[in-house]
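*Asks:* predicted structure and sequence below. I'll ask about it afterward.
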Amino acid sequence: MILGDFSACIFIDDEELPEYDVVVSSTPTENRITCWIASVEGKKFGVRSKFLAPQTSGSVTTVIVDGIGCHSYITRPNCVGTFDYTSLTNAYVKRDFMFSKIELTDDDSLLDDRTSNDIGQIVLEVAHGKYTLREQVVDSRNVIDRTLRVREGKVHERSKKACSHRIAFGEEVPHHEPASAFTVIRDNSPKTIFVFKYTHLDVLQAMGVAPHTPIKAETEIEAEDHNYGGY
């Protein structure tokens, strides 16, 4: 999807996924573009963003999956290029993004669990502001902080009718990422927001969002086989 000076997509095995039912909306605080994509259970995926034109200010790009903020990336003014985000990370470890089967339950104690509201969405936000040196902060994090624990429990069956998948995270892998020396102080310009709603292809087809895959008639397949064999 392309919106203004930016584009974004979801990719699996370095192949961009088709996007369906694209909708654009704008308010004084944000420009938003939304679509559906077909998720594939057990597959790792990434979010790819492109800065298509230089920006006069600094930018901060944030990836949010199923309501979980994964990381924010600072970009200097006048930067153009492509950036891939494939994991939940901190300064010490990372866990790869992957699509997983959602586990449903009829336990009514989870019916009002608001943490499930954002399951089924991958969001990329780009905000702008003054690009400046970060104030020096003493790193007081300890060993306990060097893990990435997120909630990945069951979801009430009535809260996610059209959702067959959710985001899971791979095993923790050592990952050293020094803190950026710069930060962006937000200004009042509107954010650019990409929202990718996802579920199984069969569900999208049943909803009328994605086209049904054409199935060749048996006679066509036999004719192709016969022609190939006589070549």
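*Replies:* Sure, I can see it. Numbering: from 1, shown residues only.

*Asks:* only C-alpha atoms from now on, for both contacts and neighbour counts.
*Replies:* Will do.

*Asks:* using PDB, write down the CA coordinates of stretch 79-86.
*Replies:* Backbone C-alpha positions of stretch 79-86 (Å, rounded to 0.1, in the frame of the first residue of the first chain) are rendered in PDB as follows:
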ATOM      1  CA  CYS A  79      16.400   9.700   4.500                       C
ATOM      2  CA  VAL A  80      15.000   7.500   1.800                       C
ATOM      3  CA  GLY A  81      15.100   3.700   1.500                       C
ATOM      4  CA  THR A  82      13.600   0.400   2.500                       C
ATOM      5  CA  PHE A  83      13.400  -0.900   6.000                       C
ATOM      6  CA  ASP A  84      12.300  -4.500   7.100                       C
ATOM      7  CA  TYR A  85      11.000  -5.300  10.500                       C
ATOM      8  CA  THR A  86      10.800  -9.000  11.300                       C
END
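
*Asks:* and stretch 53-61, end to end?
*Replies:* From its first residue to its last, stretch 53-61 covers 15 Å (CA to CA, to the nearest Å).

*Asks:* got the buried residues for that stretch?
*Replies:* Along stretch 53-61, these residues count as buried under the neighbour rule (16 or more other CA atoms under 10 Å): 55, 57-61.

*Asks:* now that stretch: average pLDDT?
*Replies:* When the per-residue pLDDT values of stretch 53-61 are averaged, the result is 95.

*Asks:* contacts for that stretch next, please.
*Replies:* Taking contacts as CA atoms under 8 Å, 6 or more residues apart in numbering, the residues outside stretch 53-61 that touch it are 5-6, 72-80, 124-131, 184.

*Asks:* so where's the longest strand in the protein?
*Replies:* In the chain, with assignment by DSSP state E, the single longest strand is strand 121-133.
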